[in-house]
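Q: Need the 3D shape of this:
(4 chains, ligands or ions: 4)
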Amino acid sequence: MDAKAKSIRTDEGAAVSQPLLTLSGIAKSFPGVRALRDVSLSLYPGQVTALIGENGAGKSTLVKILTGIYQPDAGDISVAGTSVSLPSAHAAFEHGITAIHQETVLFDELSVAENIFLGHAPRTRFGTIDWKTMRAQAREVLETLGAGHIDADARLKDLGIANKHLVAVGRAMSIDAQIVIMDEPTAALSAKEIEELFLLIEFLKNEGKAVLFISHKFDEIYRIADRYTVFRDGEMVGEGLIPGTSQGDLVKLMVGRSVDQIFPKHKAEIGPTVLEVSDLSHPTEFDGIGFELRRGEILGFYGLVGAGRSEVMQAVAGITRTSRGTIALDGNVISVRSTADAVERGIVYVPEERGKQGVVIGLPIFQNVSLPSLKRTSGSGFLRLANEFALAREYTERLDLRASSLSQDVGTLSGGNQQKVVIAKWLATAPRVIILDEPTKGIDIGSKAAVHGFMAELVAEGLSVIMVSSELPEILGMSDRVVVMREGRIAAVYDNNGLNAETLVRAAAGIAE
Amino acid sequence: MSTIQPTQARHIPDRLDRPLRSALLGWEALLVAVAVAIFIINSFASPYFLDVWSLSDLTFNFTEKALIALAMALLIIAGEIDLSVAAIIALASTLMGMAVQFGFSTPALVGIGICVGLACGVFNGLLVTRLGLPSIVVTISTMSLFRGIAFIILGDQAYKGYPASFAFFGQGYVWWVVSFELALFLAAAVVYYVLLHRTNFGRYVFAIGNNPVAAQFSGVRVDRIKLVLFCLTGLMSGIAAVLITSRLGSTRPSIAQGYELEVITMVVLGGVSILGGSGSIAGVVLAALIMGLVTFGLGLLNVPGIVMSIFVGLLLILVIALPLVWRRFMRKAA
Amino acid sequence: MNRLIRNREIWLAGAIALLIGLISTRFGAFASPGNLATIFNDTSILMILALGQMVVILTRSIDLSMASNLAFTGMVVAMLNAAFPAIPVPVLMLVAAGVGLLLGAVNGLLVWKLDIPSIVVTLGTLTIYRGATFVISGGAWVNADRMSPTFIGLQRMQFIGVPLLSWFAIVGIALFFLMLTRTALGRSFYAIGVNPTAAVYAGINVGRTKFLAFCISGLVAGICGYLWVSRYVIASVEIANGYELNIIAACVIGGISIAGGIGSVGGTVLGALFLGIISTALPVINVSPFWQMAISGSAIILAVVLNARGERRQGRIILKKAEAA
Amino acid sequence: DMKVALVVKSLGNGFFDAAHKGAEEAAKEIGGIEVIYTGPTKATAEAQIEVINSLIAQKVDAIAISANDADALVPALKKAMDRGITVISWDSGVAPEGRQMHLNPSDTNLIGETIIKLAADHLPEGGDVAILSAASTATNQNAWIDAAKKALPEKFPKINLVSVVYGDDDSAKSTDEAKGLLKSNPNLKAIIAPTTVGVVAAAQVVTDENLIGKVNVTGLALPSEFKKFIDNGASQSVALWNPIDLGYSAVYLVHDIAAKKDEVKPGAKLSIGRVGEVTLDDNNSAAMAAPFTFDKSNIEEFSKIY
Ligand SMILES: Nc1ncnc2c1ncn2[C@@H]1O[C@H](COP(=O)(O)OP(=O)(O)OP(=O)(O)O)[C@@H](O)[C@H]1O
Ligand SMILES: Nc1ncnc2c1ncn2[C@@H]1O[C@H](COP(=O)(O)OP(=O)(O)OP(=O)(O)O)[C@@H](O)[C@H]1O
Ligand SMILES: [Mg+2]
Ligand SMILES: [Mg+2]
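A: Ligands and ions are numbered 1, 2, ... in the order given. The predicted structure is shown next:
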């Protein structure tokens, strides 16, 4: 099914009167958490509505209600003026609602075509799946997304992360939907792909679809959205038109106070070299990586998604085995053969994939925080709960964690708060070198400032920080020096003296100046 | 280090209402209730039940399997499983029997049994951790392999002629009606309780069971701990082999057939999540006791073993299902 | 459909050919078409059972109760046949299918409605179903002389020179192939195995799909209950005791990932054949029966290790792009 | 009442059900006896031990057991004797330390010889034969096979025993093993299965493979289970003792010993009611009558009894 067919055209420029989708009085509770309270929201055809709010404000929960995955405890959903119920994901697409979810939810082992059409595959006369038509339609969908380079027969597993994301978008587009929801769609995409996505959103807008766009990035919101709705603590606290609303107003609505978005100037003394990596190589992921990190320094790593930055950092932290190269700490070559080795030496890695690699869902907060520090909190191998609580309290409170108790399962925290637990966990090991991989990915603006402030604090205390980030403002605002990686190799290293964004982007993409 | 936000940080309490504790207590309370109920029913159903010697004999029905269940609980909490435990018993017993033919003494026999168990555990553990194979698959195959080796060695023969002193382990009493097997099981239960609930090692086991990747990223030596856990199940199977061989006074390659599923049933009935990540030793001990009570109680009524297994099967599903149904009911009521 | 999966099957087929070749060097007639057809016939029941198990494993579940289900259904139809020889055999087969389906549905319901892990549910029903077999029969066996000639003879009848039992397997393989590749239900078995969360998002009812998978394995076990009883002409409480592990082993050798979502009909059939050949060939080439268990254990380890090798590291390669550029 | 437990290898086996009938008959005849018929469902020693333990707890007066393992049961049975319970074994024996006496259904050597003879009688020219046994651990089967092997060279020089395989008293395994025998020994003339499960499986295989007339199946079989194969010609003849008499005798003997009517010592003559009397040998074991042969002429009649 292509996006062009069977859509309602609205006269361009005409004032839109009727909302396509209206929610009112929506409430949803989880055991111990009231995620949404009396929420209302309207989406208009041909318009992009931005949904903003702090971590845990209930945005994704709303998305899941709209796509039939969660059932609201109360409230009404109307599509085109008629009240509907959405008992299953299937019901949602029958009412023309489709979504790109915050987590990429696809099938690694299945082909691209099937990933796009699973659940609504074209059928033959006998009711069996028509593979031929399905492949053809998949190619068509990918083509409209400008992703014609993706082979419809490839196994999804063999695709890069950005391409996977495009497949997810393709899947949403393959459903002939009137209402398209995007939950932080740009989080895993690089600048170029984000541009393509914006073109697509423009296209959907012109087709008269109603788009709900969730993001923590204000530049994107101002770029693409027509209206906004703000959630705070599960309640709708404001809505309106983007033109004429300042960023400060939105932030104020979101957090209930104003927040400085200026990157904290840190004035740490840059000392001697602490960590020196030379010629680090891996058979397939990276090659000849060499850099040094000094005391009190923030070293930024920039690159397009998939450049191999995370893999390098995981090698430094002892998770990935290398084929060649050395790592030296204070001038002494050390052997890092496991994470435990790295942690012992004071090198810690805060991973990018929070859910998979960061938090241990099922364990309470304090046990998550103490996990790498157990050797210190325990008495000769036996647990000492009091020490663990003290350690966990110290660091989680510093990061302003929002939790009802330290014995709460981390799984019940919102994404941003989980990230705080992960950072607390690593700070508690009193490291010398801390590697932060996309530390503010998916973190709301208030917490982001806290994390940045914290980094400044760390280097001031004499720690060294490596920050992997795909966000240019963050890289430019925080780093002392920037290493740019491209396709598994170091493309360039810059001192951050009047460094500009364009230089970095060119280096990352391999475009000559 | 100083605080970044001089503005007062929010205080987060350690615990609210001890939800974790009460949940665990809830499970164990349920098992205690079941055990007491079965005990009472048994004492009404058969006049022979309430007799110290009967009760002492009863413990033989579960001690060997329960010893393995202790280690298996840790393994399952860590998200792995070992189906080869019964086969390990067969192999260890066979090699002990072989040693008897060469005139080894009782301590040497015990040593051999334990070492063979340990070696089998290492073999399983290495296959799982080094080759990254799913443990259920590895141990289905080593289950045939270990018992197969026992069959190759023994064929249709039996080993007997164990030294008289060897009989103590499976038939001896430490004090009055307390058999050596029971005493060993109780001691092992305490050791495993401390290991799982009171040490760093135990915490690592829970962390691995809940999220092995994050545990590895947190500096937990995941593979090493899994290897140790396979060694522990191997070790306990070796110990069980010593006890069973001593109790039977002879070895056949078909010894302990089908024990693996009973051990796993015990662990699961004890509230250990088969998906890994949660469980307690107290639960496993209670489950062992319950299974002993059920089989012995029905045995006194001369109910065939297979009919008892219906009860055990029903108990397994009911005990797991009841809390779920109850919670769902409460939520509806609320 | 996919290069890699096809490769795996080719490897397994190669291993089987090699095995047959090796055996033929010691026992010439082994590779004769007649003998191979016999092996196929002998393995038919295992193949059908493994296909049922495969569907369950694809959904990240496991059915340990299949062998007990088989014993129960086998006993039911054998007792019916003994008591009412007038009931036509096809009706008995429908009864077997129905009873099997019912037992499978019980597993499925517990997994679906109460969300109990399948391994726990089927560990429980494994003993319950077999115990129930004892209860309905009082432990007594139903022997050859109490079964009617058609009851025993049906699967031995030939159609185009091939026994009906083999036809059951052939038709079963074809149906499973069609279901798994061409129907929405078949694809959703894969989908919920690969990524259950994504499956929910794609509008698949994960619980219901698992339920259906258990219904299928139950149905298959029921039909095999009749086939088994009429093949070995005895129905007793102990039939197929412990066979659940053979069924799973066949799947595992056939490359079905125990973690769900990966596997094919071809692989499962080959896995079952592999086991079938080993168990029929060893006595034939005079390998001591006592070696049999160790040999099949080693064969499974080997097959699994090789499978794992094939799966290893098919991930992205950043540097290759760099080199190509 | 005196409580006598008749413990069998496994429940459900037709042979033991027949023995149970005999046991009840003896109980009624003697009077004042309560027979507990029990046994595991799976024929393993461990399961039998659990049964014995529960019998000890029930304070039965006597146990008559057909053992799954001659040695493994010894400690448990010793414990029973220590607690004052009279223990004898019957059918499949326990090592002498574990029982007061053993009642053999027939003389071991005689059975060994008979099973070969059953095959040899129909092979005047001689030829290859194979044995399909029960579990490799089964005490009685192993003893008979040993005896058969001993008898072969002297008494049946023309008979060539090519292989012994084990079907574990599991019909599926027995079937596979029987098929393997036929495949690997194309010249096989007879399959001897000294077990009631194996003999049925072998006869069914011979029927299925259309080898009736070429391969003769023989061994020990219950007439009621085996009649069909005598009728269709897959087997010329099989033998067995009377399981009813066996169960009768076991209970008769154990009662008399427990009631101190009889003293158990080598050479003692013990009475077994309507069946007659037996004499204990040096191992305190006694043998009943010679096995009885069933063929076309008499199977009809006996299949109605057991
Ligand atoms: N399945 C669940 N069980 C329990 N609590 C949940 C569940 N899903 C969400 N929550 C809670 O509901 C609240 C809202 O979460 P939600 O994921 O909707 O936030 P969000 O606005 O999307 O945040 P983010 O910006 O971090 O993605 C949070 O407090 C979260 O912890
Ligand atoms: N094709 C893929 N399939 C699965 N995971 C992938 C794939 N490509 C990348 N990833 C994962 O995404 C993360 C980023 O990959 P990588 O380390 O190659 O890039 P990076 O330069 O660190 O990019 P990022 O900006 O995401 O940090 C890693 O954790 C990696 O495992
Ligand atoms: Mg969210
Ligand atoms: Mg990365």
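Q: got any ranges where chain A has weak pLDDT?
A: By pLDDT under 70, the low-scoring segments of chain A are A:1-17, A:32, A:104, A:188, A:256-262, A:265-267, A:511-513.
Q: Report the closest residue of it relative to chain B.
A: A:Gly362 (3.5 Å; Cβ to the nearest Cβ). (C-beta placed from N, C-alpha, C; glycine too.)
Q: how many neighbours does A:Pro431 have?
A: 22 (other Cβ atoms under 10 Å in any protein chain shown).
Q: tell me the contacts of the residue nearest to the residue of chain A closest to chain B when sequence neighbours are not counted?
A: Among residues not flanking A:Gly362 along the chain, B:Asn210 sits closest, at 3.5 Å (Cβ to Cβ, 6 or more residues apart in numbering or on different chains). By Cβ atoms under 8 Å, 6 or more residues apart in numbering or on different chains, the contact list for B:Asn210 reads A:Val360, A:Ile361, A:Gly362, A:Leu363, B:Gly276, B:Gly277, B:Ser278.
Q: tell me the contacts of the fourth one?
A: Applying Cβ under 8 Å, 6+ apart, we find A:Leu363 in contact with A:Leu371, A:Asp409, A:Val410, B:Phe206, B:Ala207, B:Asn210.
Q: Mind telling me what element residue 212 is part of?
A: Because you didn't say which chain, this covers chain A. Assigned by DSSP states H and E, A:Leu212 belongs to strand A:210-214.
Q: if you could check chain C rather than the one you did, that'd help
A: helix C:206-231.
Q: is stretch A:93-112 up against chain B anywhere?
A: No - Stretch A:93-112 lies out of reach of chain B by Cβ under 8 Å from any Cβ of the partner chain, never closer than 15.4 Å.
Q: End to end on that stretch, go ahead and measure it.
A: 20 Å (Cα to Cα, to the nearest Å).
Q: Name the residues of it that come out as buried.
A: A:93, A:95-112 (16 or more other Cβ atoms under 10 Å in any protein chain shown).
Q: if I look at the residue of the stretch 51-200 of chain B found nearest ligand 1, how far off is B:Gly276?
A: Closest residue of the stretch 51-200 of chain B to ligand 1, Cβ to the nearest ligand atom: B:Gly79 (21.6 Å). Going from B:Gly79 to B:Gly276 by Cβ to Cβ, to the nearest Å gives 3 Å.
Q: Give me the common contacts of those two.
A: B:Ile208, B:Gly209.
Q: The residue of chain A closest to chain B against B:Asn211, yeah?
A: Yes - A:Gly362 lies in contact with B:Asn211 (Cβ atoms under 8 Å); the separation is 7.1 Å.
Q: of these two, who's got more company?
A: Higher neighbour count among A:Gly362 and B:Asn211: B:Asn211, with 26 against 20, using other Cβ under 10 Å.
Q: wouldn't that one be in contact with A:Arg354 here?
A: No - contact status for B:Asn211 versus A:Arg354: not in contact, 11.1 Å apart, counting by Cβ under 8 Å.
Q: The closest residue to ligand 3 within the stretch 51-200 of chain B - how many residues pack around it?
A: Closest residue of the stretch 51-200 of chain B to ligand 3, Cβ to the ion: B:Gly79 (27.5 Å). Other residues within reach of B:Gly79, judged by other Cβ under 10 Å, total 21.
Q: Same check on the one 10 residues further on?
A: The burial metric for B:Ile89, expressed as a neighbour count using other Cβ under 10 Å, is 34.
Q: cool, the one 3 residues further on as well?
A: For B:Ala92, the tally of surrounding residues (other Cβ under 10 Å) stands at 33.
Q: Need the pLDDT of it.
A: B:Ala92 carries a pLDDT value of 97.
Q: From C:Ile256, how far out is it?
A: 32 Å.
Q: ok, now D:Gly84?
A: 57 Å.
Q: now B:Ala164
A: 51 Å.
Q: Sketch out the low-pLDDT regions of chain D for me.
A: If you take pLDDT under 70 as the line, chain D has no such spans.
Q: Who are the contact partners of the one residue sitting closest to the centre of it?
A: A centroid search over chain D (Cα atoms, centre = their mean) returns D:Asp91, at 5.1 Å, as the residue closest to the centre. Counting by Cβ under 8 Å, 6+ apart, D:Asp91 touches D:Lys9, D:Ala19, D:Ser66, D:Leu103, D:Pro105, D:Asn140, D:Leu246, D:Ala250.
Q: which among those residues are in contact with ligand 3?
A: Among these, no residue sits close to ligand 3 (Cβ under 5 Å from the ion).
Q: Where helices are concerned, which of those residues count?
A: D:Ala19, D:Asn140, D:Leu246, D:Ala250 (DSSP state H).
Q: Neighbour-wise, which one of those leads?
A: That'd be D:Ala19 among the ones in helices among the contacts of D:Asp91, by other Cβ under 10 Å, with 30 neighbours.
Q: Kindly provide the distance from that residue to D:Lys227.
A: From D:Ala19 over to D:Lys227 the distance is 20 Å, taken as Cβ to Cβ.
Q: likewise B:Val52?
A: 53 Å.
Q: So the spatially most central residue of chain C, which state does it fall into?
A: Among the residues of chain C, the one closest to the centroid is C:Ala50, at 1.4 Å (Cα atoms, centre = their mean). Three-state assignment for C:Ala50 (DSSP: H, G, I helix; E, B strand; the rest coil): helix.
Q: where does the residue of the stretch 51-200 of chain B closest to ligand 3 fall, phi/psi-wise?
A: Backbone dihedrals for B:Gly79, given as degrees, to the nearest 10, come out at phi 90, psi 10.
Q: could you list every residue that touches the nearest residue to B:Asp156 once chain neighbours are set aside?
A: Nearest residue to B:Asp156 in three dimensions, chain neighbours excluded: D:Ser136, at 3.4 Å (Cβ to Cβ, 6+ apart). Counting by Cβ under 8 Å, 6+ apart, D:Ser136 touches B:Gly155, B:Asp156, B:Pro253, B:Ser254, C:Pro289, C:Phe290, D:Asn142, D:Tyr166, D:Asp168.
Q: What of A:Ala92?
A: A:Leu66, A:Thr67, A:Gly68, A:Leu86, A:Thr98, A:Ala99, C:Gly203.
Q: So which of those wins on neighbours?
A: A:Ala99 (29 neighbours).
Q: got a list of what the closest residue to that one other than its chain neighbours touches?
A: Spatially, and ignoring its direct neighbours in sequence, A:Ala99 is nearest to A:Ile181 (3.9 Å; Cβ to Cβ, 6+ apart). Each residue near A:Ile181 by Cβ under 8 Å, 6+ apart is listed here: A:Val63, A:Leu66, A:Thr67, A:Ile97, A:Thr98, A:Ala99, A:Ile100, A:Val211, A:Leu212, A:Ile214.
Q: Just those: which are in helices?
A: A:Val63, A:Leu66.
Q: ok, and what's touching whichever strand or helix holds C:Leu302?
A: In this structure, C:Leu302 sits in helix C:292-311 according to DSSP H and E. Contact with helix C:292-311 is made by B:127, B:131-133, B:137-138, B:140-149, B:151-152, C:4, C:7-8, C:11-12, C:15, C:249, C:252-253, C:255, C:271, C:274-275, C:278-279, C:282-283, C:287, as judged by Cβ under 8 Å, 6+ apart.
Q: Please apply the same query to stretch C:74-86.
A: With Cβ under 8 Å, 6+ apart as the criterion, stretch C:74-86 contacts C:87, C:89, C:92-93, C:95-96, C:99, C:133, C:136-137, C:142, C:146-148, C:151, C:225-226, C:228-229, C:235-237, C:239-240.
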